[in-house]
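Student: Build the 3D model from these lines:
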Amino acid sequence: MPRRARVRHAPFEHLGPLDTALPISTGTARLTLENDGSVLLEVNGVPSSHLHPDPEHLVFEYMRWMLIAIDQHLGPVVTGPSTSGRSGPQLAHLGGGGCSLPRAIAASRLGSRQIVVELDELLADQVRVWFDLPRSPQLRLRIEDALSALASWREDRFDVLVRDVFSGATTPAPLISREAAEHAARVLRPGGLYLANCAAPPGTGLMADEVATLSSVFVHVGVIAEPAHLSGKRRGNCVLLASDRPLPEGIDRDLRSDAVSVRLAQPAQVQALARAGKVLTER
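Tutor: Numbers count the residues shown, from 1 in each chain. Here you go, the predicted model:
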C-alpha cells in the first residue's frame, strides 16, 4: 500500500493520571507518557497497548504486521459510494486493551464497521475516553468473554477476525483450540481472514501447535515472524494468518518496508511447523 504523508496530531487530552495504578475490573492499569506523545498502557503489570497521537502510527510491531495483512486482504480504501450495494468491511477483534489496531483501521477506513470484545468493563469505559476512540457503529465495544462472543456470532458475519487475547502473558487455552478455530472459520465470510497474535516462549512448541491446529480447520495458513521467533530460539510475538482462500501475495512485499526484519514464512516452513505440532483440542 502506498504511504501517505504524516500529519501532526494533537496529544491525548483526556488521559487518566499517569504512572499510577488505576483500578479496573480485573485489577489495575497504568498509563506512561513517552517523549513522542505516545502512551503505553499496562494491564496488571503487562504491556497491553501503545497508542500514538497519530492513530495510524502503530508502535507494537505485530500490530503493524496485522495491519499490512488486513490492508492487503481488504484492498484499496474506497472513498466514494459503494457500487456493489454492500456496506464497508466488517471486522471483529477478540481482545481490546487500548484498541490500538481498531483505532488505526477506523482512521484509515472510515466506512469500516468494527466490534471489539473486551472482558474488562471498566477498562473499556476508560480507554474510550483516554484515547478518544470512535463511537458505534464505526467502533463498538462489547463487554464479554472472548470465547462466548465468538461462539454466539452468526456464520458468515465478518471479513476479518483478529484474536489478541491474553491473561497475563499467555492466551487462554480455549482460544487456541480447534473448537475456537472452527468458530472463527464459521463466523468469517467466504474468503475471510483470521489473524492471531501468538506469543510463543522458546522450547514450548506453541507456535507449531497453533499452526497445526489452524491447519486442521483452514486450507491456507501463514506465519509472520522474525527468523529467531520462527525457529523457536527466542520469545516474541508472531502473527498467524488463516483463510479458506490463498493469502494475499503482497503481504511479504509490504513487510519488507517494516523497521523489523520480518517475513511471511515460506509454505514449506509452515508445513514443517504443522507436522511438528499437535492439534489442540478442548474435548
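Student: alpha carbons only for contacts and neighbour counts from here, please
Tutor: Fine.
Student: mean confidence score for stretch 267-274?
Tutor: The predicted model gives stretch 267-274 an average pLDDT of 95.
Student: Buried by neighbour count: which residues of that stretch qualify?
Tutor: Within stretch 267-274, the residues that qualify as buried are 270-271, 273-274, counting by 16 or more other CA atoms under 10 Å.
Student: so which of these comes closest to V217?
Tutor: Comparing those against V217 with CA to CA picks out A274 as the nearest, at 11.9 Å.
Student: Can I take it that the closest one is in a strand?
Tutor: No - per DSSP: H, G, I helix; E, B strand; the rest coil, A274 lies outside any strand segment and is helix.
Student: how far away is it from S261?
Tutor: Here the criterion is CA to CA, to the nearest Å. By it, A274 lies 23 Å from S261.
Student: Report the buried residues of the lowest-mean-pLDDT helix or strand in the chain.
Tutor: Counting by mean pLDDT, DSSP states H and E, the chain has its least confident helix or strand at helix 227-230, which shows a mean of 81. Buried residues in helix 227-230, counted by 16+ other CA under 10 Å: 229-230.
Student: Next: stretch 123-134.
Tutor: By 16+ other CA under 10 Å, the buried positions in stretch 123-134 come out as 123-124, 126-128, 130-131, 133.
Student: before we move on, the earlier item: now the least confident helix or strand of the chain, how far from the centre of its chain.
Tutor: 19 Å (CA atoms, centre = their mean, to the nearest Å).
Student: Just the CA coordinates for the helix or strand following that helix, please, in CSV.
Tutor: On the C-terminal side of helix 227-230, the nearest following helix or strand under DSSP states H and E is strand 237-243. The C-alpha coordinates for strand 237-243 follow below in CSV (Å, rounded to 0.1, in the frame of the first residue of the first chain):
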residue,chain,number,x,y,z
ASN,A,237,5.0,-12.0,19.0
CYS,A,238,4.3,-13.6,15.7
VAL,A,239,1.1,-13.3,13.6
LEU,A,240,-0.7,-16.4,12.4
LEU,A,241,-2.9,-16.0,9.3
ALA,A,242,-5.7,-18.4,8.2
SER,A,243,-8.2,-18.4,5.4
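Student: Tell me which strands strand 237-243 pairs with, and in which orientation.
Tutor: Its sheet considered, strand 237-243 pairs with strand 188-199 (antiparallel), strand 220-225 (antiparallel) by DSSP bridges.
Student: which residues are contacting the shortest one?
Tutor: Under the contact criterion CA atoms under 8 Å, 6 or more residues apart in numbering, strand 220-225 has outside partners 65, 211, 214-215, 237-247, 262-265, 267, 270.
Student: Brilliant, that's me finished.
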